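Participant: Could you work out the structure for the sequence below:
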Amino acid sequence: TQSTWEEIVSIVNAEVLTETTALHLEALRNFVDVFGQDRKAGEQWLVTLEQAETYLPGPNEKLRRKVPLTVVSDRQFCIVVDPWRDGRQMLGQKEVRRGRCSFFQFPGERLENGIQQVFILGAEEALLLTAQEACDDVDSDGKPVKRSPGDKWMIYGPREYVPTVAVQILERRQSIPLDENEGIYVRDTKTGQVRAVIGGTYMLAPDEELWEKKLPDAVLEKLATQGDLRDRGSGQKAARDATRVVTYSVPHNCVVQVYDYKSKRPRIVFGPDMVKLGPDEQFTVVRLSGDKPKRANVITTLCVSLGPDFMTDIVVVETSNHARLSLQLAYNWQFECAVGDPVAGAKVFNVADFVGDACNAMASRIRGAVASEPFDSFHKNSSSIIKTAVFGIDKETQKVRSSLRFKNNNLIVTSVDIQSVEPVDTKTRDALMKSVQLAIEITTKSQEASARHTADRREQIARGELERQIIDDKARAEKERLTLLNMQAECAAIESTGTSKAEAQAVAAAAQIEGESQVNIARLKAQAQAVTAEADLSSTLEKQEAELSFKESLNSLEVSKTKEMSEIEVRKFKASVQAIGRDTIAAMAQAGPEMQAKLLKGLGLQGYLLTDGNSPINLMNTANALTGQQA
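Facilitator: Coordinates of the predicted model:
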């Protein structure tokens, strides 16, 4: 009962403990718990099913929370921070627990990174480890090794691995498969040296790491255009892996220069080939002039074509009578460079923009040559004037040279083609148009007259050939008509002869067919009779054979029956004899004569004869026999 001075603060229900649940309690003040343990204020502890099935917290303690059971399977492990050992909490320490196991986390304990899976390493996998404190370890050969803080080493698969508290896993590594044209950049973390590993399967060493190679934006753009940075499956642009060796496919009849900034030497590669950049190498980016008229830095490329090729430029010139003209020129060019010659290949890159340099040089020559010529002279002899200006005149032969050579880079211009000539000012354009129209009109009229004369001549020739053809056709028709009449006469004769012959042959054939049919009918009848006779004979034979076999079977059955009946009688007689016995049979055989003798003695007869009266008896013999017996 509740006292007057008491107050119900709260109603507390007992907590049920299970195998998977424990209670985390905290002491509010110093007291002795129900298990007889001294508890200090602020102390925390666990109550499990091993101590009690139910627990009712007292007024001096507080239920902090229910602690679930931590289960670690055989493929898992966990690291417990600040574990309890022998009733004391080891602050600042760690403990590795590998499954299969289960436990409750004591107050103050926590799991570092939760429950983790056991590291399962394949044949091509490894773990990079580092020691956080001095510890004893075992190397790959099973020998004991002392690890110092900061040491790095690797363990290789296939195997399972669970780290100790003194070991930290830095990363999980995998062997990198490389084709013969693939590679990676590897940096030694101790020396800082970077090298390229190409081909084979490579696993990084503990003191090695992948190194990312930086490339200029222009180089990245050209590599992406070539397709090295595109996803092979989708064709879309993929992110570049900077640790992979940079490769570039040099097209046919092209050359690429790669400069090594460490050795300060260029490397020349001729196509078709593949360039693999070293760690200290970079492509020589070539920026050429382009467009019409030429503008600098329009074309950016990594390779230079050796030609032959062409380039087009627009040059504005002015004649001696101040007529300004716009010339569109096409130059055929090529490099004088043998494939595989590194000296000649390096000379190609002596001039950074060989297109702009060559076009400017040739345009300067053309402007100088045209400036000394009037418009009419240039309009008539433009091709020879420009070729002479570009190629120059040979001093020995006094003829125009066949090519122009640039000694700095061995560029050779082999021909110049004038694609169009257009006046720049309006007056010159109008005068040129009138001149051109007049020339076109004159040329047109001349061509019309020539065409008319040619048409008349061809018409006369055609008429003569037509009349001649008509005469030839008529003569050929008469000849064919005569041939037709002869053939008709022959056909009539053949037709009459063929009719008579066909009738005679038909009659003979009919008679032959009729005779053959009669013969066939007789042959078929004979065959039918033979078949019928054979069928009757075979039927009779089969019937007789069937009756004979039936009689033989019946006789054999009778014989077997008689034999079995005689055997039965014999067995019956033997059984009767055996049942009666020899003595009984002998007694029965002797009983008849003895009885008869006794009867005769009783009747007083010496003998007797019993007959049925039907059979004659020779009494004389009988009397003699009786008499003889008496005597």
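Participant: Quick one: the helices in the stretch 201-350 of the chain, in order.
Facilitator: For the stretch 201-350 of the chain, applying DSSP state H, counting those that start in this stretch gives helices covering 217-226, 342-348.
Participant: So for residue 192, which of those sits nearest?
Facilitator: Among the helices of the stretch 201-350 of the chain, the nearest to residue 192 by Cβ to Cβ is helix 217-226 (24.1 Å). Every C-beta, even on glycine, is put in place using the N, C-alpha and C of the backbone.
Participant: deepest of the helices of the stretch 201-350 of the chain, which one?
Facilitator: Here the criterion is mean neighbour count by mean count of other Cβ atoms under 10 Å, and of the helices of the stretch 201-350 of the chain the winner is helix 342-348, at a mean of 17.
Participant: packing partners for it?
Facilitator: strand 254-260, strand 265-270 (3 or more Cβ pairs under 8 Å, 6 or more residues apart in numbering; DSSP states H and E).
Participant: Paired strands for the last one, with orientation please.
Facilitator: Right, the one you point to is strand 265-270. strand 254-260 (antiparallel) (DSSP bridges).
Participant: Pretty sure residue 349 sits against residue 285.
Facilitator: No. Between residue 349 and residue 285 there is no contact under Cβ atoms under 8 Å: 10.7 Å.
Participant: out of those two, which sits in the more crowded spot?
Facilitator: residue 349 (18 against 14; other Cβ atoms under 10 Å).
Participant: rewinding a little: want to throw the helices of the stretch 201-350 of the chain into JSON lines with distance to residue 435 and mean pLDDT?
Facilitator: Shown next, in JSON lines, are these (distance: least, Cβ to Cβ, whole Å; pLDDT from 0 to 100):
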{"stretch": "helix 217-226", "distance to residue 435": "48", "mean pLDDT": "88"}
{"stretch": "helix 342-348", "distance to residue 435": "45", "mean pLDDT": "93"}
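Participant: ranges for the strands of the stretch 451-600 of the chain?
Facilitator: Assigned by DSSP state E, counting those that start in this stretch, the strands in the stretch 451-600 of the chain number zero.
Participant: Could you list the low-pLDDT ranges of it?
Facilitator: 593, 596-597, 599-600 (pLDDT under 70).
Participant: With the stretch 1-150 of the chain instead?
Facilitator: 1-4.
Participant: Ramachandran angles for residue 59?
Facilitator: Main-chain torsions, residue 59, degrees, to the nearest 10: phi -70, psi -20.
Participant: mind checking the longest helix of the protein?
Facilitator: Longest helix of the chain, by residue count under DSSP state H: helix 426-580.
Participant: what's that helix packed up against?
Facilitator: If contacts are counted by 3+ Cβ pairs under 8 Å, 6+ apart, helix 426-580 sits against helix 375-380, strand 411-423.
Participant: Nearest to residue 214, out of those?
Facilitator: strand 411-423 (33.0 Å).
Participant: Direction included, what does the closest one pair up with?
Facilitator: Next to strand 411-423 in the sheet, as set by DSSP bridges, lie strand 324-335 (antiparallel), strand 404-406 (antiparallel).
Participant: if you compare these, which one is most tucked away?
Facilitator: Highest mean neighbour count among the strands paired with strand 411-423 (mean count of other Cβ under 10 Å): strand 324-335, a mean of 18.
Participant: who wins for proximity to residue 335 among the helices and strands packed on helix 426-580?
Facilitator: strand 411-423 (5.9 Å).
Participant: Just want the angle from that closest one to helix 426-580.
Facilitator: 120 degrees (axes from the mean of the first three to the mean of the last three Cα atoms, to 10 degrees).
Participant: Tell me, how many residues neighbour the closest residue to residue 351 other than its chain neighbours?
Facilitator: Counting by Cβ to Cβ, 6 or more residues apart in numbering, residue 351 lies nearest to residue 409, which is 4.6 Å off, once chain neighbours are set aside. Residues near residue 409, counting by other Cβ under 10 Å, number 20.
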